[in-house]
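Novice: below are the sequence and a predicted model; questions follow.
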Amino acid sequence: MDLIVEDLAAIDDKLSQRHIDLDPGGYFIIYLDKDAKLIYAKHFTNVIDERGLAIDPETGKVIPAREKVERTYTTVFSARTAKELCVKIFEETQPSPLTQLDHAAYLGREFVRAEVALVTGQEYVQD
């Protein structure tokens, strides 16, 4: 059976709704600078509480998932391609800002999506 774009999008949408455990190593906000032709990934630290919620280590407050939050990032990474960004974050940064393999896989997928958007001129919205 051949998969078509709609089938692939449906699979992706369904998988985006699944529960994931948050990474105690922190999270990334990914965005593009189209003029500079760069992908950026800002890393923010967090603490995961007993409920599995991300807590701001500075304020002790829950970090909302769907609201804009003003926080100070710990590191900002930038690169021209998804692969270059992965090398910088996963291979050249010690200790690694990630503690979970599923988080690394997610970031790799997002970096590829960001790269495609950068090359094609499309908008990029992090999943």
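Specialist: Cool, got the structure. Numbering: from 1, shown residues only.

Novice: where does the chain dip in pLDDT?
Specialist: 1 (pLDDT under 70).

Novice: hey, where'd the strands end up in it?
Specialist: Assigned by DSSP state E, the chain shows strands spanning 27-33, 38-44, 47-48, 54-55, 75-79.

Novice: ranking those by burial, who's on top?
Specialist: Mean neighbour count (mean count of other C-beta atoms under 10 Å) peaks for strand 38-44 among the strands of the chain, with a mean of 20. The way it works is simple: take the backbone N, C-alpha and C, and place the C-beta from them, glycine included.

Novice: how far away is the residue nearest to residue 53 when sequence neighbours are not counted from residue 8?
Specialist: Using C-beta to C-beta, 6 or more residues apart in numbering and skipping residues adjacent in sequence, the residue nearest residue 53 is residue 62, 5.1 Å away. From residue 62 across to residue 8, the span is 34 Å (C-beta to C-beta, to the nearest Å).

Novice: repeat that for residue 61.
Specialist: Distance, residue 61 to residue 8, by C-beta to C-beta: 38 Å.
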